[in-house]
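**Student:** show me how the following folds:
(chains A and B)
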Amino acid sequence: MKQLVKFSVASVLALSAFAVQAGTLQDVQANGSVKCGVSKGLAGFSAADSSGTWTGIDVDVCRAVAAATLGDATAVTFVPLTAKERFTALQSGEIDMLSRNTTWTITRDASLGLNFAGVNYYDGQGFMVKSSLGVDSAMDLGGAAVCIQAGTTTELNLADWAKSNGIVYTSVVSDTNAQTLSNYDAGRCDVLTTDASGLYSMRAASNDPSEHVVLPEIISKEPLGPVVRQGDDQWFNIVRWSLNAMITAEEIGVTSATVDVVSNNPERERLMGRSGNTHEYVGLSSDWTYNIIAQVGNYAESFERNIGLNTPIGIARGVNALWTNGGILYSAPFR
Amino acid sequence: MAIYESQELRKPPISQVGIVRWLRVNLFSSKVNVGLTLAALYMLYVIIPPMLGWMIFDANFNFGEFSFLGFEFGEIMATNDNCGRAAACWPFIYEKFDMFVYGFYPRELVWRVDIVFALAASLFVIVRLVRNYKYKNKVLLAMIIGFPIASFFLIGGGVFGLEVVKTHQWGGLMLTLVIASVGIIISFPIGVLLALGRQSNLRVINFFSTIYIEFIRAVPLITILFMASFVLPLFFTGGISFDKLLRALIAITLFQAAYFAEVVRGGLQAIPTGQYEAADAIGLNYVQKNALIILPQALKISIPNLVGSSISLFKDTTLVLIIGLMDMLAMVNMTANDINWLGRETEGFVFVTMTMWIFLYSMSRYSKKLEVRFSTDHKN
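**Tutor:** Numbering: from 1, shown residues only, chains lettered A, B, ... in the order given. Below you'll find the predicted structure:
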């Protein structure tokens, strides 16, 4: 029996080692599509429209990688995953990359055999109140009843924050998101707390969005980003720099409409693949970044199209603005 | 000689005829029943009017313009913003209908799924038509084997120039039906074999059948699905990817087989020993005995339980949403997260409930009909 266990463990490890060594880029090019793990429906991040086409800012990262590696942003096989199975799916090779509103933490990055390739949305826990309450800061929430989802880190974050700020509150706990929202709608609590991106889509789904305000305080850090398997550095670079290309393009001012405009800005020309040889370092053709911007757009385009102020979700850029505009979105240079 | 005059017929007391009698007997026969009736009426009063209001009277049915006999009806289709939140917004279902039925199946290829739906419906017609036909059994056998194969290639593609549609694009009602029908059809013969195995005199077969049945029945379906979905892939690393739907189908089939086995065993035990002895006496071997004498009787009396078990499997297929398959129930969340139709979960859940009800109630009615048709006793 012991021998059998040893043998099984050894063969699993050997197989994993084999999986790690295989070049994801070669697999993707052989398959003709990027297998990308997404959520099972999260408004503005990854959800399907009426014709079954995936949209969202997480989806755009998958599309950017497909545009970079295959020259076709539609060459993506979307694999809807639950929160529980997402890491297994990546580890086992069922998907090539994960872009599923996944928070970057040291535990996940360091202990699961995964690497986070960057941050495409800085989320954090926030509060929503009815505007009739007249509250404009979370510091005024002393004595409030707070609607919250059970068993999430949200609950712990709130407890920590309230304790350190000396705020006393009562919590109204429910099991699911929808229940939390209906508790809040029915007036069983004054405040609803969850990740800010979730607050905005809940507000959009409420009877009258103008009746609710999202307070400015953010009490936790939830950097969301794409994830790849550890051990394939070339693929890691491709995913990281595909995202960086979108951010850099916004910084330089290149949009999907202006990719063909030739300028005298050297970084812009490098980014568009018209000079320099950065593409050789990631092992792709010289138009890889051009394809990303032409087919998917820069970060601002993706943001405004999916979750920006003109969409029903209506999230302002806030911390997700470029570092030059007062946010913390920052890409290493294309040089 | 006494003369009997015929007396005028007296009517029975009003409390003993018609609706009054029915009410007295069924609803107001005792103090407890009066109380229960009033309580039930009050609950209906509380629930039904607001529900009808939400679903029909206050609901939005604005599906957009259409013309009928040259007249134009309707206006521009309602959007999420002007649909109203107080009552149901059925244009949401109308807009997302394809998502609920086909999931991510490419829209230009859904005719293939429609053909499978039409074939499935025609099977019921064919079964009726050939009821008295000489080669009935051959036709039925051809159907049982041919239909799943034809459906598989029509939906999956890959032959006769049909474009391949990978299983991750399957979804909605179509996926629910695929999982339920594969689960029921494939697990049935396995279940019969297991039931025979558990009744067998051969110690080894008996032992393993019992172990299998008792093990599977002692584990919840969710656990088996989780194992198939999260644990199994870790043993298949290295590029060997094992289709997620296939894993779920295998898990569900293995699970359902154990339940069918117990249902069929119940039927086997109800057959009198005399039947076995008679079969032995006329010199039938094991296969002939079971195929010709025992199983036809055992399966007939198992029909209600087999269908009951199938119905619960049909409902259990919604559990696949926890392993990331996009069945009809999972589509509720998906469609209500489209930024143009945010927050319409309730409409989606009501729609899925109604669809499920139609399928399950039909199954239940059909089993009733089968029972009557196969009935050979003298009950009536």
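
**Student:** contacting residues around the closest residue to chain B within chain A?
**Tutor:** Of the residues in chain A, the one nearest chain B is residue A:205, at a distance of 2.5 Å by Cβ to the nearest Cβ. All C-beta atoms are positioned from the backbone trio N, CA, C, and that covers glycine. Residue A:205 makes contacts with A:181, B:336, B:342-343, as judged by Cβ atoms under 8 Å, 6 or more residues apart in numbering or on different chains.

**Student:** was I right to think residue B:225 contacts residue B:320?
**Tutor:** Yes - Residue B:225 sits in contact with residue B:320 when judged by Cβ atoms under 8 Å, with a separation of 6.7 Å.

**Student:** overlap of the contact sets of these two?
**Tutor:** Between them, residue B:225 and residue B:320 share the contacting residues residue B:248, judged by Cβ under 8 Å, 6+ apart.

**Student:** the two: which is more packed in?
**Tutor:** For residue B:225 versus residue B:320, the count of surrounding residues by other Cβ atoms under 10 Å in any protein chain shown is larger for residue B:320: 25 against 21.

**Student:** in helices, which of the contacts of residue A:205 fall?
**Tutor:** Of the positions in these, residue A:181 sit in helices, assigned by DSSP state H.

**Student:** distance check, residue B:228 against residue B:355.
**Tutor:** Residue B:228 sits 26 Å away from residue B:355 when distances are taken as Cβ to Cβ, to the nearest Å.

**Student:** returning to what we had before: out of the contacts of residue A:205, flag the one nearest to residue A:52.
**Tutor:** residue B:336 (15.2 Å; Cβ to Cβ).

**Student:** where along the stretch 201-335 of chain A do the strands fall?
**Tutor:** A:212-214, A:222-224, A:227-229 (DSSP state E, counting those that start in this stretch).

**Student:** could you dump those into TSV with mean neighbour count added?
**Tutor:** Formatted as TSV, those follow (neighbours: other Cβ atoms under 10 Å in any protein chain shown):
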stretch	mean neighbour count
strand A:212-214	20
strand A:222-224	20
strand A:227-229	25
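
**Student:** who are the contact partners of residue 292?
**Tutor:** Because you didn't say which chain, this covers chain A. Residue A:292 makes contact with A:64, A:67-68, A:73, A:242, A:245-246, A:249 under the criterion Cβ under 8 Å, 6+ apart.

**Student:** meant chain B, my bad for not saying
**Tutor:** Taking Cβ under 8 Å, 6+ apart as the criterion, residue B:292 is in contact with B:279, B:284.

**Student:** neighbours of residue B:293, how many?
**Tutor:** Once other Cβ under 10 Å is used to define contacts, residue B:293 is seen to have 18 neighbours.

**Student:** now do the SS call for it.
**Tutor:** The three-state label given to residue B:293 by DSSP: H, G, I helix; E, B strand; the rest coil is helix.

**Student:** surely it and residue B:275 touch.
**Tutor:** Yes - taking Cβ under 8 Å as the contact criterion, residue B:293 and residue B:275 are neighbours in contact, 5.8 Å apart.

**Student:** for chain B, which segments count as helices?
**Tutor:** Shown for chain B, the helices assigned by DSSP H span residues B:18-26, B:31-52, B:90-102, B:110-129, B:136-156, B:172-199, B:203-217, B:221-226, B:244-270, B:273-281, B:286-288, B:295-316, B:328-335, B:345-374.

**Student:** show residues contacting the fifth one.
**Tutor:** It stands for helix B:136-156. Counting by Cβ under 8 Å, 6+ apart, the neighbours of helix B:136-156 from elsewhere in the structure are B:112-113, B:115-116, B:119-120, B:123, B:126-127, B:130, B:133, B:159-160, B:162, B:164-165, B:167, B:170, B:174, B:178, B:181-182, B:185.

**Student:** now the angle between helix B:172-199 and it, please.
**Tutor:** Helix B:136-156 and helix B:172-199 are oriented at 130 degrees to each other (axes from the mean of the first three to the mean of the last three Cα atoms, to 10 degrees).

**Student:** also the longest one?
**Tutor:** Helix B:345-374 and helix B:172-199 meet at an angle of 40 degrees, taking the same axes, to 10 degrees as the criterion.

**Student:** name the helices or strands packed onto helix B:345-374?
**Tutor:** helix B:90-102, helix B:295-316, helix B:328-335 (3 or more Cβ pairs under 8 Å, 6 or more residues apart in numbering or on different chains; DSSP states H and E).

**Student:** okay, now the domains of chain A?
**Tutor:** Using automatic domain parsing, the domains assigned to chain A come out as A:2-122+A:223-325, A:127-205.

**Student:** which parts of the stretch 51-200 of chain A sit against chain B?
**Tutor:** Taking Cβ under 8 Å from any Cβ of the partner chain as the test, the list of the stretch 51-200 of chain A residues beside chain B reads A:51-52, A:55, A:77-82, A:84-85, A:88-89, A:91-94, A:178.

**Student:** show me which of those are buried.
**Tutor:** If you count burial by 16 or more other Cβ atoms under 10 Å in any protein chain shown, the buried members of those come out as A:52, A:55, A:77-82, A:85, A:88-89, A:91-94, A:178.

**Student:** now for the residues you listed: which two are most distant?
**Tutor:** Using Cβ to Cβ, those span at most 34.0 Å, a distance reached by A:93 and A:178.

**Student:** who touches the residue of chain B found nearest chain A in this structure?
**Tutor:** When scored by Cβ to the nearest Cβ, chain B has residue B:343 as its residue closest to chain A, at 2.5 Å. Taking Cβ under 8 Å, 6+ apart, we find residue B:343 in contact with A:202, A:204-206, B:80, B:85, B:336.

**Student:** isn't residue A:158 up against residue A:146?
**Tutor:** Yes - Residue A:158 sits in contact with residue A:146 when judged by Cβ under 8 Å, with a separation of 6.6 Å.

**Student:** shared neighbours of these two, which are they?
**Tutor:** In the contact map built from Cβ under 8 Å, 6+ apart, the residues linked to both residue A:158 and residue A:146 are A:169, A:171, A:193.

**Student:** neighbour-wise, which one of these leads?
**Tutor:** Tallying neighbours with other Cβ under 10 Å puts residue A:193 at the head of the shared contacts of residue A:158 and residue A:146, with 30 neighbours.

**Student:** where does that residue land on pLDDT?
**Tutor:** Here, the pLDDT recorded for residue A:193 equals 91.

**Student:** in its sheet, which strands sit next to the helix or strand harbouring it, and in what direction?
**Tutor:** When secondary structure is defined using DSSP states H and E, the element that contains residue A:193 is strand A:191-195. Strand A:191-195 has these partner strands in its sheet, going by DSSP bridges: strand A:125-130 (antiparallel), strand A:145-149 (parallel).

**Student:** now the helices and strands packed on helix B:345-374 as TSV including distance to chain A and mean pLDDT?
**Tutor:** Written out in TSV, the entries for these read as follows (distance: least, Cβ to the nearest Cβ, whole Å; pLDDT from 0 to 100):
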stretch	distance to chain A	mean pLDDT
helix B:90-102	5	93
helix B:295-316	17	92
helix B:328-335	4	92
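
**Student:** gap between residue B:139 and residue B:122?
**Tutor:** For residue B:139, the distance to residue B:122 (Cβ to Cβ) stands at 13 Å.

**Student:** oops, could you answer that again for residue A:251 instead?
**Tutor:** To residue B:122, residue A:251 is 61 Å away according to Cβ to Cβ.

**Student:** more neighbours: which of those two?
**Tutor:** With neighbours defined as other Cβ under 10 Å, residue A:251 and residue B:122 compare such that residue A:251 has more, 22 against 13.

**Student:** contact partners for the more buried one?
**Tutor:** Residues in contact with residue A:251 (Cβ under 8 Å, 6+ apart) are A:322, A:324, A:331.

**Student:** from memory the last one sits against residue A:247, does it?
**Tutor:** Yes - here residue A:331 lies in contact with residue A:247, judged by Cβ under 8 Å, at a distance of 3.9 Å.
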